[in-house]
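In: Okay, here's the prediction I keep looking at, along with the sequence it came from:
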Amino acid sequence: MRALLDTVAFLWAMDTPERLSREAAVVLADESALLEISTLSLSEIAIKQARGKLEFSRGDVERGIADLGLRVLSYTSVHSYKLFELPLHHTDPFDRQIIAQAMAEDIPVMTSDRIFGAYQGLKIIW
């Protein structure tokens, strides 16, 4: 199984894993799963850290990626073009891009955000 963690799922998995759903915890524990985090999430965390909204350093993020065994998925033009097809259910630009990336890659996204469910064809793990 392949899955893309959204930013919140990644932060919870690192800092407060008890907040994860049972399904998300099972997938994270599956050693055969290919788990990924988007470069967009790294940017979002860095921006929120700079604004004082998060207390996660670059080192914390790097350790979290290593500890969770995640692969970093680059955001490409293929993912950006998918945005043209998306209805405006979600207004957060980072979330919209993660949705587009997951749909373009045809992989489920791990998220607690209920708005993701409004996107037809998007597979969600939660």
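Out: Nice, I can see it. Numbers count the residues shown, from 1 in each chain.

In: Tell me if I am right that Glu23 is in a strand.
Out: No - Glu23 is assigned helix when assessed by DSSP: H, G, I helix; E, B strand; the rest coil, not a strand.

In: got the buried residues for stretch 28-45?
Out: Leu28, Leu35, Glu36, Ile37, Ser38, Leu40, Ser41, Leu42, Glu44, Ile45 (16 or more other C-beta atoms under 10 Å). Backbone N, C-alpha and C define where each C-beta goes, glycine included.

In: and the last one, what does it touch?
Out: When you say that, I think you mean Ile45. Thr7, Leu11, Leu54, Phe56, Val61 (C-beta atoms under 8 Å, 6 or more residues apart in numbering).

In: Dump the buried residues of stretch 28-45 to CSV, plus pLDDT and secondary structure.
Out: Listed next are those as CSV, based on pLDDT from 0 to 100; DSSP: H, G, I helix; E, B strand; the rest coil:
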residue, pLDDT, secondary structure
Leu28, 98, helix
Leu35, 98, strand
Glu36, 98, strand
Ile37, 98, strand
Ser38, 98, strand
Leu40, 98, helix
Ser41, 98, helix
Leu42, 98, helix
Glu44, 98, helix
Ile45, 98, helix
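
In: Same list (those residues) but as TSV, adding distance to Ala3.
Out: Formatted as TSV, those follow (distance: C-beta to C-beta, whole Å):
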residue	distance to Ala3
Leu28	9
Leu35	6
Glu36	7
Ile37	10
Ser38	12
Leu40	15
Ser41	13
Leu42	17
Glu44	18
Ile45	19
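
In: Looking at the contacts of Ile45, which is nearest Leu122?
Out: Thr7 (16.1 Å; C-beta to C-beta).

In: Burial check on the closest one, number of neighbours?
Out: Neighbourhood size, Thr7 [other C-beta atoms under 10 Å]: 23.

In: now it: how far from Glu31?
Out: To Glu31, Thr7 is 23 Å away according to C-beta to C-beta, to the nearest Å.
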